[in-house]
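In: My questions are about this predicted structure, shown below with the sequence.
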Protein chains: 2
Amino acid sequence: LTKQEVVNRILAGRKQKPGKAGRSFAAANIALCKYWGKRDDELNLPLTSSLSVSLRTKGTTTSLSVSERADEVLVSGEPLSPESPVHVRMRGYLDLFRPEPGLGFVVRTESNIPLAAGLASSASVFASVVLALDHLFGWKLQLPELSILARLGSGSACRSIHPGFVEWEAGRAADGMDSHAVPLPEQWPELRLGLLLLTTQAKPIGSRPAMKRTRETSVLYAAWPAQVEGDLRNLKEAIRDHDFERLGRTAEANALAMHATMISSWPPVLYWLPESVEAMRKIWALREGGLALYFTMDAGPNLKLLFQASDEARVAAEFPGLEVVAPFGGGSVKS
Amino acid sequence: LTKQEVVNRILAGRKQKPGKAGRSFAAANIALCKYWGKRDDELNLPLTSSLSVSLRTKGTTTSLSVSERADEVLVSGEPLSPESPVHVRMRGYLDLFRPEPGLGFVVRTESNIPLAAGLASSASVFASVVLALDHLFGWKLQLPELSILARLGSGSACRSIHPGFVEWEAGRAADGMDSHAVPLPEQWPELRLGLLLLTTQAKPIGSRPAMKRTRETSVLYAAWPAQVEGDLRNLKEAIRDHDFERLGRTAEANALAMHATMISSWPPVLYWLPESVEAMRKIWALREGGLALYFTMDAGPNLKLLFQASDEARVAAEFPGLEVVAPFGGGSVKS
């Protein structure tokens, strides 16, 4: 099955005439149990389910309109060269949705989070593009359908359709119609995420080829589905019970296991910088000292800290410049 | 089965009266396929086979004599306190060999390689103690028997009984009589090892507890035996063919996979320092630039570089202070 066939199935009977403009925001999401490895490269179908938490106010706003000219992509107001990888990828994605051949789109994205350094990835970009397309064309699609369309742009984008805790169910169907995000009902106002930006340098290797290399060359990757199975169970119970230590421990172990599968690939994929190791050691030392502080990391060198509102002042003092996010809102609680 | 029962079986019918003194040297060994995980904690029986290369002239010389007093252990001439972990461990090992209860040993070890920083580990110490005991008592044991006795002191010590390439066959027997080192016939005079000492700090966790924690908590460790199986096959063929790139690639991948199993343990075991990551990145960059340079790492932060004699000058220039070893002798070949 091709992406276009999936899109045609979802849009069958929907309006094809675009309005004047579409606009939408989608939040970035941080996986507590990672998506790492595909069962279908064309449709971005994952080998395992994954679970994330939304960054609520941190993400991407996209404005879309149709034009008579070739596609234009503007990031923070700057037009991208048609040769740039982001332009090429976006163009390929927009091809799936052209009302008439030859019609172009003008896409303007604004993100309030650094891209391409493993902090936000492309999830909020593609999710906001899908929501803006729905707005532009007036499709009024259901959330699972929007999630599937976002997945076709970038796997983890399917989770950015929802706020809060979100599970991306891997599904089994060859067409991936059962592979989409499902929101979890639980709220956790005391939960805090800290974005520790160690570098904004572009990554040496993107997450798509890294994921593919891992699946193809890491012997240890054979055990990754078993890791995910246990971690998902632990995370859901931790979320249900508001058991922070269990949540943090599981998220940190899951992220390290994902990086372990990369490190055991060939050629080795190591996203860590010396500064990443330094930050990990600092977190472990603080934890030894009694602070309930954990981290997760995506396919990049930066860390995302996990802690509770009651420890916010202490964590912020230890990591100057840390950007703290409250995934479920709520002001900071003084410790 | 206990260690003592194994020792009694091996020493049955051998001389029990010690001579005046015993003295022997054993070289350290660097595993190209690592020993990581035991099937029997008491007898140091491994879950998988492993393969190493001897450091030839780098290792430990041990002198032994019997005394009427309590055990004395001197490292580089310095007497250790009876409370020090090394003294305690050595005493426990010597208990296996006392000709009469109440008799003590005087043990003097001299190593020409830094200990306890993951460069030499305890392998050359225990191998040289076994050889010195054989000398002291005049047992004249066979090499497989000496290898088994060394294993009872420290697993990887069983490989330090032989020079050159050595395979430690995991064996299957419950008493471990088939779990000992076997030398490989191949010589490789052009092979070079470089010891890159980043720190001499003691390790935060010893390799014994780290190994145990990995086996007990790492989900990915389930795939480690499959990793070893492929790596051993590749290493043996690379050694047979003198295929350096294949040797280097396999050794590096094996070491990284071992560290990956540690990283995916809980609590995480990370021996890497920021400097370790820096050194890895430098090696990868040099390799990108065409230099046939690989590394391996043991349970510690230091790296061991693998290269050929023809590249020795270039590698030495890139890593000032590097200690270069020719495992099969032979002067350096100018590049």
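Out: Noted; the coordinates are in hand.

In: just checking, what packs against the longest helix that chain A contains?
Out: The residue-count maximum for a helix in chain A (DSSP state H) belongs to helix A:244-263. Helices and strands touching helix A:244-263, by 3 or more CB pairs under 8 Å, 6 or more residues apart in numbering or on different chains; DSSP states H and E, are strand A:22-33, helix A:207-217, helix A:224-241, strand A:294-296, strand A:303-308, helix B:244-263. Where C-beta positions appear, they are placed from N, C-alpha and C, glycine not excepted.

In: got the CA positions of that helix in CSV?
Out: This file holds the C-alpha atoms of helix A:244-263, laid out as CSV (Å, rounded to 0.1, in the frame of the first residue of the first chain):
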residue,chain,number,x,y,z
PHE,A,244,6.4,9.5,40.0
GLU,A,245,9.5,7.4,40.8
ARG,A,246,8.1,4.5,38.8
LEU,A,247,7.4,6.8,35.9
GLY,A,248,10.8,8.4,36.0
ARG,A,249,12.7,5.1,36.4
THR,A,250,10.8,3.5,33.5
ALA,A,251,11.2,6.5,31.2
GLU,A,252,14.9,6.8,31.9
ALA,A,253,15.5,3.0,31.5
ASN,A,254,13.5,3.0,28.2
ALA,A,255,15.5,5.9,26.7
LEU,A,256,18.8,4.3,27.7
ALA,A,257,17.8,1.0,26.2
MET,A,258,16.9,2.8,23.0
HIS,A,259,20.3,4.4,22.9
ALA,A,260,21.9,1.1,23.8
THR,A,261,20.3,-0.4,20.6
MET,A,262,21.9,2.5,18.6
ILE,A,263,25.3,2.1,20.2
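
In: from the chain's centre, how far out does it sit?
Out: Between the centre of helix A:244-263 and the centre of its chain there are 16 Å (CA atoms, centre = their mean, to the nearest Å).

In: could you give the mean pLDDT of it?
Out: The pLDDT scores in helix A:244-263 average 98.

In: Toward the C-terminus, what is the element adjacent to that helix?
Out: With elements assigned by DSSP states H and E, the helix or strand that comes after helix A:244-263 is helix A:274-288.

In: ok and that next one relative to helix B:274-288, angle-wise?
Out: Between helix A:274-288 and helix B:274-288, the angle comes out at 150 degrees (axes from the mean of the first three to the mean of the last three CA atoms, to 10 degrees).

In: Which positions in helix A:274-288 come out as buried?
Out: A:P274, A:E275, A:S276, A:V277, A:A279, A:M280, A:K282, A:I283, A:W284, A:L286, A:R287 (16 or more other CB atoms under 10 Å in any protein chain shown).

In: quick check, that helix touching chain B?
Out: Yes: against chain B, helix A:274-288 shows contacts by CB under 8 Å from any CB of the partner chain at A:P274, A:E275, A:S276, A:V277, A:E278, A:M280, A:R281, A:W284.

In: pLDDT on the longest strand anywhere in chain A, on average?
Out: Criterion DSSP state E: the longest strand present in chain A is strand A:50-67. Per-residue pLDDT values over strand A:50-67 give a mean of 97.

In: mind listing what that strand pairs with, with the direction of each?
Out: With DSSP bridges as the test, strand A:50-67 is paired with strand A:22-33 (antiparallel), strand A:104-111 (antiparallel), strand A:165-168 (antiparallel).

In: what's the neighbour count on A:E323?
Out: The number of residues packed near A:E323 is 18, by other CB atoms under 10 Å in any protein chain shown.

In: Name the SS class of the closest residue to it other than its chain neighbours, please.
Out: Leaving aside its sequence neighbours, A:E323 sits nearest to A:L195 (CB to CB, 6 or more residues apart in numbering or on different chains; 4.3 Å). At A:L195 the chain is in strand, as set by DSSP: H, G, I helix; E, B strand; the rest coil.

In: Over to the one 5 residues further on?
Out: A:T200 carries the three-state label coil when classified by three-state DSSP.

In: can you count the residues close to it?
Out: By other CB under 10 Å, the residues close to A:T200 number 11.

In: which parts of the stretch 201-335 of chain A sit against chain B?
Out: Proximity of the stretch 201-335 of chain A to chain B, by CB under 8 Å from any CB, involves residues A:218-224, A:226-227, A:230, A:249, A:252-253, A:256-257, A:259-261, A:263-264, A:266-268, A:270, A:272-278, A:280-281, A:284.

In: Low-confidence stretches in chain A?
Out: Low-confidence segments of chain A (pLDDT under 70): A:115-121, A:331-335.

In: sec struct for A:P204, please.
Out: Judged by three-state DSSP, the three-state class of A:P204 is coil.

In: so how far is chain B from the residue nearest to it when sequence neighbours are not counted?
Out: For A:P204, ignoring the flanking residues on the chain, the nearest one in space by CB to CB, 6+ apart is A:Y271 at 7.8 Å. Computed as CB to the nearest CB, to the nearest Å, the A:Y271 to chain B distance reads 10 Å.

In: what's the spacing between A:Y271 and A:S265?
Out: To A:S265, A:Y271 is 12 Å away according to CB to CB, to the nearest Å.

In: Phi first, then psi, for the residue lying farthest from the centre of chain A.
Out: Relative to the centre of chain A, the most outlying C-alpha is that of A:E68, 32.3 Å out, by CA atoms, centre = their mean. Main-chain dihedrals, A:E68, degrees, to the nearest 10: phi -80, psi -10.

In: since we're on A:L184, how many residues are nearby?
Out: By other CB under 10 Å, the residues close to A:L184 number 18.

In: And the one 4 residues further on, by the same measure?
Out: Residues near A:W188, counting by other CB under 10 Å, number 21.

In: swap in the one 5 residues further on?
Out: Residues lying near A:L193 (other CB under 10 Å) number 21.

In: can you pull up the bridge partners for it?
Out: A:L306, A:V325.

In: if we can go back for a sec, including mean neighbour count, could the helices and strands packed on helix A:244-263 go into JSON lines?
Out: Listed next are those as JSON lines, based on neighbours: other CB atoms under 10 Å in any protein chain shown:
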{"stretch": "strand A:22-33", "mean neighbour count": "25"}
{"stretch": "helix A:207-217", "mean neighbour count": "18"}
{"stretch": "helix A:224-241", "mean neighbour count": "18"}
{"stretch": "strand A:294-296", "mean neighbour count": "24"}
{"stretch": "strand A:303-308", "mean neighbour count": "24"}
{"stretch": "helix B:244-263", "mean neighbour count": "24"}
